[in-house]
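Student: Need coordinates for the below:
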Amino acid sequence: MSDEYREDGLYPMRLQRFLARAGVASRRGSERLMTEGRVRVNGQVVTELGSKVDPVRDVVTVDDVPCSIADDSIYLILNKPAGFLTTMSDPMGRPCVAQLVPQDLYPGLYPVGRLDTDTTGLLLFTTNGDVGQGLLHPSHHVEKHYVALVQGTPSRHDLERLEAGVMLEDGPAAPARAELIGPGDPLFRRVAPGGAGHDGAGNPNAVVGLTIHEGRKHQVKKMLRAVGHKVLALHRDAFGPLTLSRVDEGSWRLLTRAEADAVERAAGVRG
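Tutor: Now for the predicted structure:
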């Protein structure tokens, strides 16, 4: 079965993910239940971890107790610190964002998109796969705002190139909004707490605000490098309708109902 969007808002998914979203156990715990032979789909024991189920049509039981996905989705934002991989597990044991969010309290949480290990800021988590897919789909043009400490100071021409759309090695980047951010702005202090400093030639560094709606790997770093300015520190302070407010670094909070509604509208799953 494919993972195509359906009007009922659900789609075939891996069985362990279904169990996690149903609140049975964490993803890893759900895998253990499967390998122990305690999970049945339509009466048949399923132990293969790659198996998929249709949440609407298939009957899933654990120890003969039926389980289903709850209607209420969970949304939370994390203020990601540097040094954490955007993944829910890492075979090499490196620090990952799963350690910073309550996945045992809310089974099935996963990050929407990713931030580089050295990038800080707003990372959205949800249990709703359709919302996650919708927010990342290019057709919805969901904006993301980044603040970057860069080597040297971009000229007006550099900013105009970013706003027109620069060419990258994997094709042209879509036009962005770009601006210099002054020392009096709290976002300046977020990426340059000790001041912007200078590059190797003694030229002053600067802080740039960049708003994009694509989600290509290392995109902000590549765009700024394309106009001659290496990124020294990067922070995301907004994603779609969400801003990073009332969340200390390394901490998380649940979205308000109004924020969750706005996220669903941005993802195209709510009118």
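Student: Tell me where the model's unsure across the stretch 151-271 of the chain.
Tutor: Residue ranges of the stretch 151-271 of the chain with pLDDT under 70: 271.
Student: need the contact list for Ala206.
Tutor: For Ala206, the contacting residues are 149-150, 152-154, 180, 196, 229, by C-beta atoms under 8 Å, 6 or more residues apart in numbering. C-beta coordinates here come from the backbone N, C-alpha and C atoms, glycine included.
Student: which residues sit in contact with Trp252?
Tutor: Trp252 neighbours (C-beta under 8 Å, 6+ apart): 76-79, 100-102, 125.
Student: And the buried ones among the residues you listed, selectable in ChimeraX?
Tutor: Buried residues among the contacts of Trp252 (16 or more other C-beta atoms under 10 Å), as a ChimeraX selection:
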select :76,77,78,79,100,101,125
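Student: returning to what we had before: which of the contacts of Ala206 tops the neighbour count?
Tutor: Val150 (27 neighbours; other C-beta atoms under 10 Å).
Student: leaving aside the residues next to it on the chain, what's closest to that one?
Tutor: His229 (4.0 Å; C-beta to C-beta, 6 or more residues apart in numbering).
Student: Could you do Leu162 as well?
Tutor: Per C-beta to C-beta, 6+ apart, closest to Leu162 is Ala178, 4.1 Å.
Student: and what of Tyr75?
Tutor: In space, Tyr75 is closest to Leu255, 4.2 Å off (C-beta to C-beta, 6+ apart).
Student: I figured that neighbour hits Pro241, correct?
Tutor: No. Counting by C-beta atoms under 8 Å, Leu255 stays clear of Pro241, with 9.8 Å between them.
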